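> pasted the sequence and its predicted model underneath.
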Amino acid sequence: MADEAPGSPSRLEQFLGEGPWYVLVSGLVENPADPGEYLFQHPLTVTGSAGAEYLAVFTDAEAAEQFCDERAPDKQIISIPTLALLAAALHGLRAVVAHVMRDPYRPGYNAITAPIAALLGEG
């Protein structure tokens, strides 16, 4: 697969737009293999129509708050400010979930899904 042109948006940025991005988690835990690095604990996933699980990623803070209030009050919202941090988080979550769903249940928007590997340029 051809490399992207310098300065062009990455697949991840094309899919999710500009940050910050928001995910819902039960909490953060320190990575025992890398002190000072934190890992998501029980990130929110949603089930698609075919039964597949998707990591819910929100592009709007208010939409994330509304979803949390209405559907996942036991979760907390984590803001991810940079594309590099988002890519690192997705890379680490591949063992838990293989796909991302952008803006699930956001009024006026269609939820869009994509494989994490493809977004990271691995597939």
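Nice, I can see it. Numbers count the residues shown, from 1 in each chain.
> what residue ranges in this structure score low on pLDDT?
Within the chain, the stretches falling below the threshold (pLDDT under 70) are 1-9, 123.
> quick one: the strands in it?
Using DSSP state E, the strands found in the chain span residues 21-25, 27-30, 38-41, 45-47, 53-57, 76-80, 99-102, 112-115.
> could you dump the ones you listed to TSV with distance to Ala88 and mean neighbour count?
(Glycine included, C-beta is placed from N, CA and C.) As requested, the strands of the chain are arranged in TSV below (distance: least, CB to CB, whole Å; neighbours: other CB atoms under 10 Å):
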stretch	distance to Ala88	mean neighbour count
strand 21-25	12	22
strand 27-30	14	12
strand 38-41	10	16
strand 45-47	19	16
strand 53-57	14	21
strand 76-80	9	16
strand 99-102	14	22
strand 112-115	17	15
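> I'd like those strands as JSON lines, with distance to Arg11 appended.
Listed next are the strands of the chain as JSON lines, based on distance: least, CB to CB, whole Å:
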{"stretch": "strand 21-25", "distance to Arg11": "15"}
{"stretch": "strand 27-30", "distance to Arg11": "26"}
{"stretch": "strand 38-41", "distance to Arg11": "21"}
{"stretch": "strand 45-47", "distance to Arg11": "21"}
{"stretch": "strand 53-57", "distance to Arg11": "14"}
{"stretch": "strand 76-80", "distance to Arg11": "17"}
{"stretch": "strand 99-102", "distance to Arg11": "11"}
{"stretch": "strand 112-115", "distance to Arg11": "8"}
